[in-house]
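**Student:** sequence first, predicted model second:
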Amino acid sequence: MAASTFETPKLLNDTATLPIPPIKPGAMQGVQSFIAGDKIQEQLGYPGELLPNWKERAIERMGELLQKYRGLQVFLDACVHCGACTDKCHYYLGTADPNNMPVARQELLRKVYRRYFTFAGKYFPKLVGAIDLTEEVLDQWYSYFYQCSECRRCSVYCPYGIDTAEITMAAREIMDSVGRGQKYSNEILGKLHRIGNNLGLPGPALEDTLAGLEEDILADTGVPVRLPIDQKGAEVLLVTPSADFFSEPHVESLIGYAKVFHAAGISWTLSSTASEAGNFGLFIGSYENMRKAALRIREAALELGVKRVVVGECGHAWRVAYSFWNTLTGVGAGAEDPFGKMLQQQLDHRYKQPSHICEVTWDLIQKGAIKLDKSANDHRIVTFHDSCNVARASRMGDIPGGQFIIPREIIKACCNHFYDMAPETIYEGTYCCGGGGGLLTDDLMEVRVKGALPRMQALKQVVDEKKVNFMATICAICKAQFTKVLPYYGFPMSMVGGVHQLVSTAIQLGTNE
Ligand code: SF4
Ligand code: SF4
């Protein structure tokens, strides 16, 4: 861990939650991620640098978004400043900067909206708190809309359901459209468009990696478990975050998925052209880029002739798949274009399209199609971190709250020792890991470490009281973020892992016909 230029907040004893901090105005004003250069911007169809007429274009783009997304206008009009959201953001709790209160973050855009799009704001700006769009305002937008992980926790507590994440996405899209983009998200999205995954890992390198993993599993278990790629006619196309191919602990979950398919006798494949479940188009609020990224998956599904599309452990990917793939791609009902309809005919609708890997595994456990030895995980005392995009923006299975229940049931089927963290810090009230929504970059390490504080506090309580030594999660970003920030709070980085890492340890290969 490199020496920090900031102080890591202190955790308290005997509590799962922290007191609301006294405000420190401007504490995080100068903390910004790197701005994207011209090549990165242009490959996404955005101006390479700040346009000379950026102000007019920003207002014009805001108007376009207000027309296109009616919810945005409702969110900008509906706030009554009741204050219910002020202490609900992990970035406020961790940094004490009042601009990280959700309502204040919204106000950064709302004040400008009022000035140019409301009668009162045009003629009596001071009376209604409307302000001109200036370079200083743009700079504030760039700071604070990249200190929001679009986790939607604040919206759970807002009596009007105002979704700050939607406002953040709109602000980022406006900034991109005038030439002020974020290097981290936009560079990754460009790699996804060009090569097929966020890492820029070409097909042959991916094949080598998978072959190496097959050898490792064989050496470990004595069973020839395959990780197939580009297998035409396979039943399942698995689309998983590319971090699963080489990052620790992500790769342990990939091995877990492979063992599940092997043990259940399901033919499956990965795709070299759609080797990424992640879709940063969501983070930057760009429907066009989100669609372009998602279409790779449709093309691969059609090309390979699969019957089912299954998504690996990735929070925002599951949100995009669950909420948007139907109309974006035709995976799920709703597509109107010919290729979407073709895919609809090809897929087997006895299964959910798409399915989450946890739905697949839980279904197989219930049917007795895979066998698990819980005692294999007896060295682990496990808790579960609900990932924001799964918890608050999607579902699983056929029961309300399936997205909370199914991963926990899988864990309990694999482990003898499981303890939840405090109720107010899990389920729909879960705290973000601190690194989601395009913040998983070292430029924002201070934001990430401080934003992780509420989760770390809740974790400390179960570590102290229950001796928890493993925090499972089903999100690639959560895994990467926790691996980095756990040591700042005195926890080992190895204590985070995937739900399918636990499955991988417990599964009994070769016990089924
Ligand atoms: S990070 Fe989450 S809680 Fe904070 S403002 Fe953004 S959406 Fe709301
Ligand atoms: S809870 Fe909703 S209405 Fe109340 S201040 Fe926050 S965003 Fe506005």
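**Tutor:** Sure, I can see it. Ligands and ions are numbered 1, 2, ... in the order given.

**Student:** near the spatially closest residue to Asp87 that is not a sequence neighbour, how many other residues are there?
**Tutor:** Residue nearest to Asp87 in three dimensions, not counting chain neighbours: Ile20, with 4.6 Å by C-beta to C-beta, 6 or more residues apart in numbering. (C-beta placed from N, C-alpha, C; glycine too.) Other residues within reach of Ile20, judged by other C-beta atoms under 10 Å, total 11.

**Student:** Ile20 and ligand 2, how far apart?
**Tutor:** For Ile20, the distance to ligand 2 (C-beta to the nearest ligand atom, to the nearest Å) stands at 15 Å.

**Student:** so that residue is in contact with Gly83, correct?
**Tutor:** No - Ile20 lies out of contact with Gly83 (C-beta atoms under 8 Å); the separation is 11.3 Å.

**Student:** and the helix or strand of the chain with the lowest mean pLDDT, what does it pack against?
**Tutor:** When the helices and strands of the chain are scored by mean pLDDT, DSSP states H and E, helix 338-346 comes last with a mean of 90. Applying 3 or more C-beta pairs under 8 Å, 6 or more residues apart in numbering; DSSP states H and E, one finds that helix 338-346 contacts helix 287-304.

**Student:** quick check: next helix or strand after the helix it packs on?
**Tutor:** strand 308-311 (DSSP states H and E).

**Student:** and that next one, what does it pack against?
**Tutor:** Applying 3+ C-beta pairs under 8 Å, 6+ apart, we find strand 308-311 packed against strand 236-239, helix 315-329, strand 355-356, helix 357-367.

**Student:** the shortest one pairs with which strands, and in what direction?
**Tutor:** Strands that pair with strand 355-356, judged by DSSP bridges, come out as strand 308-311 (parallel).

**Student:** give me the low-pLDDT residue ranges for the stretch 1-150 of the chain?
**Tutor:** The model of the stretch 1-150 of the chain has pLDDT under 70 over residues 1-3.

**Student:** tell me the pLDDT at the residue in the stretch 201-350 of the chain positioned nearest to ligand 1?
**Tutor:** In the stretch 201-350 of the chain, the residue that lies nearest ligand 1 is Phe283 (11.7 Å; C-beta to the nearest ligand atom). At Phe283, the model reports a pLDDT of 97.

**Student:** is it in a helix, a strand, or coil?
**Tutor:** Using DSSP: H, G, I helix; E, B strand; the rest coil, the secondary structure recorded for Phe283 is coil.

**Student:** would you mind listing what in the stretch 351-500 of the chain touches ligand 1?
**Tutor:** Taking C-beta under 6 Å from any ligand atom as the criterion, the stretch 351-500 of the chain approaches ligand 1 at residues Cys432.

**Student:** could you do the chain as well?
**Tutor:** With C-beta under 6 Å from any ligand atom as the criterion, the chain meets ligand 1 at residues 88-89, 91, 102, 105, 148-154, 164-165, 168, 432.

**Student:** go through the residues you listed and say which is closest to Gly233.
**Tutor:** Glu150 (38.2 Å; C-beta to C-beta).

**Student:** what helix or strand is the closest one located in?
**Tutor:** Counting by DSSP H and E, Glu150 is part of no helix or strand.

**Student:** report the closest residue of the stretch 201-350 of the chain relative to ligand 2.
**Tutor:** For the stretch 201-350 of the chain, C-beta to the nearest ligand atom, closest residue to ligand 2: Gly285, 18.3 Å.

**Student:** what sits against that residue?
**Tutor:** 168-173 (C-beta atoms under 8 Å, 6 or more residues apart in numbering).

**Student:** most neighbours among the residues you listed, which one is it?
**Tutor:** Thr168 (29 neighbours).

**Student:** that one contacts Arg152, correct?
**Tutor:** No - using C-beta under 8 Å, Thr168 is not in contact with Arg152; the gap is 10.0 Å.

**Student:** near ligand 2 at all, stretch 109-122?
**Tutor:** No - Stretch 109-122 is not in contact with ligand 2 by C-beta under 6 Å from any ligand atom; minimum separation 9.6 Å.

**Student:** what lies in contact with that stretch?
**Tutor:** 59, 62-63, 66, 76, 79, 125, 127-133, 137, 141, 145, 167, 170-171.

**Student:** are any of these buried, and which?
**Tutor:** Among those, those classed as buried by 16 or more other C-beta atoms under 10 Å are 59, 62, 76, 79, 125, 130-131, 133, 137, 141, 145, 167, 170-171.

**Student:** what's the closest of those residues to Ile188?
**Tutor:** Phe145 (17.6 Å).
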